[in-house]
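*Asks:* what follows is a predicted structure for the sequence shown.
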Amino acid sequence: MTKTNSPAIAATAVPPRRGTGYPHPFSVPCEGRVKHALGDAFALSQYGVNLVTLPPGTWSSQRHWHSGEDEFVYILAGQPTLVTDAGRTPLAPGMCAGFPAGEADGHHLVNDTDAPVSYLEVGTRRAEDNVDYPDIDMQIRGRGTGGTFARKDGTPYA
């Protein structure tokens, strides 16, 4: 989406992106995820804001952590489960969670309920960022500068 000329818009007016760019089979649990890139609509360059919806049975992402980007989520509707190295934490509307850059604690949200989950996702936009996926053989090196998905030995996924 190109930058809006309006100071305010309906969040759902931003065209949605569905699924992820993960290589198969890592994309499968996230195929139903819908993101509206709200920060992009206003050409925000220092941080991103997404309105995310997870249908029942959908994950927000593979469990991951960032070397150079902070992340924050605020639950608007539904009851997702936050999965971290510490285990599973049920969340509800009005709850939030934050993940500082460089803290090697893989995290993601899982919708194990029969109702959709909606949340705001906010993160910094750092050029110097690597992403590690502790549960699977995947990483991104140089995410902010066009990095691509690769195996942990550096071999790129096709």
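*Replies:* Ah, there it is.
*Asks:* all contacts plus neighbour counts: C-alpha atoms, from now on.
*Replies:* OK.
*Asks:* with adjacent residues omitted, what lies nearest to Arg88?
*Replies:* Nearest non-adjacent residue to Arg88, counting by CA to CA, 6 or more residues apart in numbering: Leu82, 5.7 Å away.
*Asks:* the one you found: how many residues sit nearby?
*Replies:* Using other CA atoms under 10 Å, Leu82 has 19 other residues around it.
*Asks:* my read is that Thr81 contacts Met95, right?
*Replies:* No. Using CA atoms under 8 Å, Thr81 is not in contact with Met95, being 11.4 Å away.
*Asks:* give me the more crowded residue out of these two.
*Replies:* Set side by side, Thr81 and Met95 show more neighbours around Thr81, with 19 against 14, by other CA under 10 Å.
*Asks:* show me the contacts for that one.
*Replies:* With contact set as CA atoms under 8 Å, 6 or more residues apart in numbering, Thr81 has these partners: 88-91, 109-112.
*Asks:* please check these and keep the buried ones.
*Replies:* With burial judged by 16 or more other CA atoms under 10 Å, the buried subset of those is 91, 109-112.
*Asks:* sorry, back to before: and the gap between the residue nearest to Arg88 and Val14?
*Replies:* 26 Å (CA to CA, to the nearest Å).
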